[in-house]
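**Q** give me a model of this one.
(chains A and B)
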Amino acid sequence: MPPVTINEEETILGVRRIVNRIGATRADLIPVLQAVTNEFGFISQPAMEELSALMNLPTKEIHSVATFYRMLSTQPRGRHIVQFCESAPCHVVGGREVFASLKQALALEPGQTSPDNKWTLLTTSCLGVCGMGPVILIDTDMYGNVTPEQVKEILSRYE
Amino acid sequence: MAYYRSTVLVSMDPVCIEKGALEIKEQLIKELALLKLSEEVQVLDSPRLGDPETEGPDILVYPEGSHYIQLSPATVGPIVLEHFVKGRELQQYKAQMRDVLDEELGEPKDKEIRIILENIGKIDPRNIEDYIAVDGYQALAKVLGEMSPEEVIQTILDSKLRGRGGAGFPTGLKWKFARQAPDTPKYMICNADEGDPGAFMNRKVLEGDPHSVLEGMAIGAYAVGANQGYVYCRAEYPIAVSTLNTAIEQAREYGLLGKDILGSGFDFDIEVRMGAGAFVCGEETALMASIEGGRGEPRARPPFPASKGLWGKPTNINNVETYANVPKIIHRGLEWYTSMGSEKSKGTKTFALAGDVAHTGLIEVPFGLTLREIIYDIGGGIKGGKAFKAVQTGGPMGGCLPASDLDLPVDYETLGAAGSIMGSGGMIVMDEGTCMVDIARFFMEFTQDESCGKCVPCRVGTRRLLEILEKICAGNGEEGDIEELEELSEQIRKNSLCGLGQGAPNPVLSTLNHFMDEYKAHIYEKRCPAKVCRALIKYEIIDGPCTGCTVCARNCPVGAITGERKQTHIIDQDICIKCGICYQVCQFDAINVS
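**A** Below you'll find the predicted structure:
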């Protein structure tokens, strides 16, 4: 068995805290996985194994749910999550150009994380702010009416 | 270059300038200089930050992202002192980040009737007393005090209220089935998984008038005999979730949810459950699977939720807007309600107008208004004086309707007969600059991505459709593609398990039906008439208008543009990726698209 790193211990403690707070029934699984993603950035193998023990579910079952939903991640992600709304209302008001500019500025394709772990680029489903498309969501900050020229400036606001 | 630790953006929207933005900026620079901060904080102009009408003049401070609104020269001093010297945000002038960008609901336009949206912006959604003051929970009191469950169901049947989630199933009938189901316990679910791109009517109701939904659910629960309810809300709507939770807590405090509501002996409570980003969870059986903690995959119906739903128990599922109609119908009466709308579709429907229309945003109209009235009289017509090309209704499972359909009345039957659907109420207007093949490809990309993968017709079929559409857009379309699109569409529509797959071909079929010429131009002439499909267009700089300002060359992401200052520039076609940035940044109309 590989030695348990501090990180893994922290993960296990964090997972226990989350399950204590939310619950351990089957219906609690998605909120628990969401909380784990929020706290650790992704659902790691040790996290999944701990959840399996705590919630009395096979890891394959947890993995199957974790990989189904877009907001849950089983892969590590960058410090900042950049999400581009790829929905039609944003598309018809120039979203394609903004997205091209975004991909170019980050040098990432959707789903990728930058080598320095600063950025992860994702596409998101409609955020419901269609009156001001194209829309970019960086972490929890939302930017509307974005033009291709603004992309660099917006990204430069993040450390 | 100087290094600034902070940047202040000042909104220079014309309305803000009128309200004194220039004075604000001047004062800012003066205050910063006084505190010797000029070298640390830079002040820049911004075209627009928040809503100039309600928030201007406003400034945005980075890197913190603090948005200070409704400023006057007198308020600048304290903000500079607190923010830059003491490092504290001055809460009293601060707006929420979300509000910076959120559009307000304007005054109703001429042909609008607002029932569902009437309280939004007028009451405080986080204060139940505001809702009670506008006759909120009166309908629930009436139902619990004076009506039997059967009478409630009959009233809803008589109102001809139909499911606003899109399918238009009579709500009263749904309730009747759930009431008649012998098994117990029974559940009430509110489908707030508003995933259709471009549709945000439900978000507005949940954020602006959450109690109307809770009251509608409680009335429905009494009618079908349920004691527990769930609102399944998508996680992309964090503000809606928190507003709902506050509303539920307050309703419990007031005895309007929980045990023995209003002393009637009826128990009903509601919990909010969140999605985690899966479009298909808006499908009712997938939604229930998700509440149960599993993958959000649909299952075959029957059995319908009314007999076997959540945890295998009888369950009634309605959409946010459907529930929000219920208290109004009970409180104001059938005569009032059925006076609005068309023969088979009573009442009103909210729509989210988006795309190339002058006034985007939410509207609410009685059923039966024509598309033309909605787009031109209410939406103000096409933005920038361009020509109308198509309107896409019903979200990604809906269809595109051409100009010849503009005079169709908007109701469930008519839109269905025209090859589109009512859907939840997204309405995307497209002008002449939209390529309909690209739009079909775009929607298919969405559907293909959101297909849960459980059934083959949808999983494989949507991918095949997408491949053909991509091929056509890339200029590689060939004889037989159109026929294959048609045949595949038919198969997918007939054989898919749920509404997502069954509706997936609609964008393809409706564009084939109304815009066949464009498909043919792409396939046989290798031409994109709307000049959208990159493989079929070319960007060139025209000799005359080009002033050699170098803006295009500086903005070109791949360095494809060369040329001396004050000389006509040239685009190297081998390097050009056709991103269109040069076309957008050129101020002299010197870029030609052919």
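
**Q** any buried residues in the longest helix belonging to chain A, and which?
**A** Secondary structure of chain A per DSSP state H: the longest helix is helix A:6-22. Buried residues in helix A:6-22, defined by neighbour count with 16 or more other CB atoms under 10 Å in any protein chain shown: A:8, A:11-12, A:14-15, A:18-19, A:22. Quick note: C-beta positions are derived from backbone N, CA and C, even for glycine.

**Q** swap in stretch A:68-79?
**A** So stretch A:68-79, judged by 16+ other CB under 10 Å, has buried residues A:68-74, A:77-78.

**Q** rewinding a little: packing partners for the longest helix of chain A?
**A** Helix A:6-22 sits against helix A:29-40, helix A:45-55, with contacts defined as 3 or more CB pairs under 8 Å, 6 or more residues apart in numbering or on different chains; DSSP states H and E.

**Q** coming back round to it: including pLDDT, could the buried residues of stretch A:68-79 go into a markdown table?
**A** As requested, the buried residues of stretch A:68-79 are exported to a markdown table (pLDDT from 0 to 100):
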| residue | pLDDT |
| --- | --- |
| A:Phe68 | 93 |
| A:Tyr69 | 92 |
| A:Arg70 | 87 |
| A:Met71 | 87 |
| A:Leu72 | 91 |
| A:Ser73 | 90 |
| A:Thr74 | 91 |
| A:Arg77 | 87 |
| A:Gly78 | 88 |
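
**Q** what about the residues you listed, which are in strands?
**A** Within those, no residue falls in strands by DSSP state E.

**Q** circling back: between the buried residues of helix A:6-22, which sits nearest chain B?
**A** The nearest member of the buried residues of helix A:6-22 to chain B, counting by CB to the nearest CB, is A:Ile22 at 11.3 Å.

**Q** can you classify B:Ala306 as helix, strand or coil?
**A** Judged by DSSP: H, G, I helix; E, B strand; the rest coil, the three-state class of B:Ala306 is coil.

**Q** right, is the helix or strand where B:Met188 lies up against chain A?
**A** Assigned by DSSP states H and E, B:Met188 belongs to strand B:187-192. No: contact of strand B:187-192 with chain A (CB under 8 Å from any CB of the partner chain) is absent, the minimum separation being 11.1 Å.

**Q** quick one: strands adjacent to that strand?
**A** strand B:228-233 (parallel), strand B:315-319 (parallel) (DSSP bridges).

**Q** next SSE downstream of the first one?
**A** Read in the C-terminal direction, the helix or strand following strand B:228-233 is helix B:238-253, with elements assigned using DSSP H and E.

**Q** could I get the average pLDDT for the next helix or strand after that next one?
**A** Helices and strands here follow DSSP H and E; after helix B:238-253, the next one along the chain is strand B:269-274. For strand B:269-274, mean pLDDT is 95.

**Q** packing partners for strand B:269-274?
**A** Going by 3+ CB pairs under 8 Å, 6+ apart, strand B:269-274 lies up against helix A:29-40, helix B:210-224, strand B:228-233, helix B:238-253.

**Q** helices or strands up against the last one?
**A** This points to helix B:238-253. helix B:128-133, helix B:201-208, helix B:210-224, strand B:228-233, strand B:269-274.

**Q** rerun at 10 Å
**A** helix B:97-101, helix B:128-133, strand B:187-192, helix B:201-208, helix B:210-224, strand B:228-233, strand B:269-274 (3 or more CB pairs under 10 Å, 6 or more residues apart in numbering or on different chains; DSSP states H and E).

**Q** just the buried residues of the least confident helix or strand in chain A by mean pLDDT, please?
**A** Least confident helix or strand, chain A: helix A:88-90 with a mean of 76, by mean pLDDT, DSSP states H and E. Neighbour-count burial for helix A:88-90, counted by 16+ other CB under 10 Å, picks out A:88-90.

**Q** which one of the residues you listed sits closest to B:His211?
**A** A:Pro89 (28.7 Å; CB to CB).

**Q** so who does residue 12 touch?
**A** With no chain named, the answer covers chain A. Contacts for A:Ile12 were tallied using CB atoms under 10 Å, 6 or more residues apart in numbering or on different chains; they are A:4, A:44, A:46-47, A:49-51, A:53-54.

**Q** that's the wrong chain, I wanted chain B
**A** So B:Met12 contacts B:21-22, B:25, B:44-49, B:52, B:56-57 (CB under 10 Å, 6+ apart).

**Q** if we can go back for a sec, which one of the contacts of A:Ile12 is nearest to B:Thr171?
**A** For these, the nearest to B:Thr171 is A:Leu51 (39.3 Å; CB to CB).

**Q** from A:Ile30, how far out is that closest one?
**A** A:Leu51 sits 12 Å away from A:Ile30, going by CB to CB, to the nearest Å.

**Q** list the residues that contact both of these two?
**A** A:Ala66.

**Q** element containing the closest residue to chain A within the stretch 51-200 of chain B, please.
**A** Among all residues of the stretch 51-200 of chain B, B:Pro197 sits closest to chain A, at 3.0 Å; criterion: CB to the nearest CB. Using DSSP H and E, B:Pro197 sits in no helix or strand.

**Q** against B:Ser424, how distant is it?
**A** Counting by CB to CB - B:Pro197 and B:Ser424 are separated by 11 Å.

**Q** ok, now B:Tyr230?
**A** 19 Å.

**Q** show me which of these two is the more surrounded one.
**A** Neighbours of B:Tyr230 and B:Ser424, each counted by other CB atoms under 10 Å in any protein chain shown, are more numerous for B:Ser424; the result is 32 against 24.

**Q** tell me the phi and psi of the nearest residue to B:Pro108 once chain neighbours are set aside?
**A** Counting by CB to CB, 6 or more residues apart in numbering or on different chains, B:Arg114 is the residue found nearest to B:Pro108 once chain neighbours are left out, at 5.2 Å. Main-chain dihedrals, B:Arg114, degrees, to the nearest 10: phi -100, psi 120.
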